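[1] Here is the input, now give the coordinates:
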Amino acid sequence: MNPPGWHSPGNWRNALRILISNDDGAFNPALWAMVEAVKDLGEVLVAAPDRDRSGVGAGLTLNDPVRVKSIMSPVSGVEAWAVEGTPGDSVILGLRQLAKEPIDLLLSGINTGNNIGTDLIVSGTVGAGMQGFMNGVASAAISVAIERDALSPVVGAAIHDLAESMLEHVAAGGPTPFVNINFPRISDGPYRGAMVAGVGRRVVADAVETVTRGTRTMYWIQRRASALDERSQMDPDTDVWAMHHSWVSVTSLGAGLTSANNDGFAAGIAEVLDRSVKNHGQQADEAAG
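    A predicted model of the protein is given here:
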């Protein structure tokens, strides 16, 4: 499943370790769907927020202590921790405290709702990946359009192939990558393939709801479904366009979010995912027919 020019050292999967986190919480089924997808590739550790922490970006808890609690894993052989903090806190604690050995790959997700365009700035899924990358660990943030797509065997197989290729890249001593992967809505039609995509523009529609109880007024910030920028919808090089045309998007990120440094790696990953979603999508169609 590897792109041309990638070579796998022997027995690499016996020694590599994967940290899995998210921003939807340690008990979210989509997180455990990703654990199931990659558990055969190495030792897996879960460290994720103890509740939904969507929208906090790469934020950290710096002025208060952070508590963690061991939780029962629904997947045999996987150690799991719920962190009373942000996705970034979870990743740093996972890397620096909870893991018994160095982590080779961080996977953040599977997030419900695509993280594309300007959503990258506030995404806790991407923020978790950013903290992994900034700590020198190969990282991928992974999102699907809607919740049920996280349980799709096509998505699971694609994540397995993605993780396998990233681990082989790490084992071969390649430079540290950080990629943002988005799967479009399966119900819109079979995936056409995977493509390298830039970050599109989105127009957000923020609103504030107020609730008054006695003399106290409370405010709820609501980031409603974005109105998509028409230019991004028409630009075939963006992640926004990809989601509207049934392409899995692969975007290379860095400490400044968008990055051209790993475009070659992103192209290789796009090839891996392109083959995976086409092959497994065809198998799913044949099984259904």
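[2] name the element residue 209 belongs to?
    Using DSSP states H and E, residue 209 sits within strand 202-213.
[3] How far does that strand sit from its chain's centre?
    Centre-to-centre, strand 202-213 and its host chain are 27 Å apart (CA atoms, centre = their mean, to the nearest Å).
[4] what do you get for stretch 237-256?
    With CA atoms, centre = their mean, you get 13 Å for stretch 237-256.
[5] before we move on, what about stretch 185-195?
    In terms of CA atoms, centre = their mean, the centre of stretch 185-195 is set 18 Å apart from its chain centre.
[6] if you average pLDDT over that stretch, what comes out?
    Across stretch 185-195, pLDDT averages out at 93.
[7] Stretch 266-286 now?
    Stretch 266-286 shows an average pLDDT of 85 in the prediction.
[8] before we move on, the earlier item: list the buried residues for the strand holding residue 209?
    Under the neighbour-count criterion of 16 or more other CB atoms under 10 Å, strand 202-213 has residue 202 buried. C-beta coordinates here come from the backbone N, C-alpha and C atoms, glycine included.
[9] Low-confidence ranges, the chain, go.
    Scanning the chain for pLDDT under 70 picks out the ranges 1-14, 203, 224-233, 255-262, 282-289.
[10] let's see 90
    1-15, 55-58, 117-121, 174-175, 189-190, 199-208, 220-237, 240, 254-265, 279-289 (pLDDT under 90).
[11] could I get stretch 197-211 in CSV with only the CA atoms?
    Extracted C-alpha coordinates of stretch 197-211, given in CSV (Å, rounded to 0.1, in the frame of the first residue of the first chain):
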residue,chain,number,x,y,z
ALA,A,197,-5.5,20.1,-1.2
GLY,A,198,-4.8,23.6,0.0
VAL,A,199,-6.8,25.3,2.7
GLY,A,200,-10.0,26.9,1.3
ARG,A,201,-11.7,30.0,2.6
ARG,A,202,-14.8,29.8,4.7
VAL,A,203,-17.2,32.4,5.9
VAL,A,204,-18.3,31.7,9.5
ALA,A,205,-21.7,32.7,11.0
ASP,A,206,-21.0,33.2,14.7
ALA,A,207,-24.0,34.0,16.9
VAL,A,208,-24.5,34.6,20.6
GLU,A,209,-27.5,33.3,22.6
THR,A,210,-28.3,34.9,25.9
VAL,A,211,-30.1,33.4,28.8
